[in-house]
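Novice: Build me a structure from this.
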Amino acid sequence: MDNKPRLWLFLLPLGIFLAAVVFLFKGLYSDPSKLESALIGQPVPTFTLQDLYQPETRHDASIFKGKPMLLNVWATWCPTCYAEHTYLNKLAADGVYIVGLNYKDDREKAIRWLTDLGNPYQVSLYDKDGMLGLDLGVYGAPETYLIDSQGVIQYRHVGDVNDHVWQQTLLPIFKDLK
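Specialist: A predicted model of the protein is given here:
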């Protein structure tokens, strides 16, 4: 009878340790680019933001209605954004409608970036404080959202958009939205 409490004192920490090992081991094999979003199937959050080029011009969520499109979150401080930029220019040249969300960045640097590297965005939103990014659940740049013609978020991709990601993941969903 006296041994039961001692056995529980040994088994309880062992059980907690084993549960932690299983949890951490599972994390080693998860894909960090597949972050679930509570906004899938929801409209783009309500916002009013300045245009990157024309601060006096304001945009709201109505810009996401009318056609399927990509919303690309980017910044000049983001090296992965630089890596994906050429591919975004290619997609835009192929007729993909892309809205850019310049995230927690310096306006002048962002404009210079687009001038030097090309501008794939039909609309460029300036999210200086990151409030729309916060509402979208952005972890960092780049992130890209597929949005249907009703302004509803259909998919979220974390990381750069490249040929493999576009062909294997985004394009099939994008085609279904058309």
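Novice: quick one, what contacts V161?
Specialist: L70, N72, E84, Y87, L88, L91, P142, T144, L170 (C-beta atoms under 8 Å, 6 or more residues apart in numbering). C-betas here are computed from N, CA, C, even on glycine.
Novice: same question but for T76, I mixed them up
Specialist: Residues in contact with T76, defined by C-beta under 8 Å, 6+ apart, are D105, D106, K109, A110, W113.
Novice: Now the two most distant members of those residues.
Specialist: The largest separation in the contacts of T76, counting by C-beta to C-beta, is between D106 and W113 at 9.8 Å.
Novice: Looking at these two, which is more packed in?
Specialist: Set D106 next to W113 and count neighbours by other C-beta atoms under 10 Å: W113 wins out with 20 against 14.
Novice: Remind me which helix or strand that one belongs to.
Specialist: According to DSSP states H and E, W113 maps onto helix 107-117.
Novice: Report the separation between the most centrally placed residue in the chain and G15.
Specialist: Nearest to the mean C-alpha position of the chain, by C-alpha atoms, centre = their mean, lies E143 at 2.5 Å. To G15, E143 is 38 Å away according to C-beta to C-beta, to the nearest Å.
Novice: can you check L39 too?
Specialist: 37 Å.
Novice: mean confidence score for the helix holding W113?
Specialist: For helix 107-117, mean pLDDT is 98.
Novice: likewise stretch 143-150?
Specialist: 98.
Novice: repeat for stretch 165-177
Specialist: In this model, stretch 165-177 carries a mean pLDDT of 97.
Novice: which residues touch that stretch?
Specialist: Contacts for stretch 165-177 (C-beta under 8 Å, 6+ apart): 68, 70, 87, 91, 96, 144, 146, 148-149, 154-155, 157, 159, 161.
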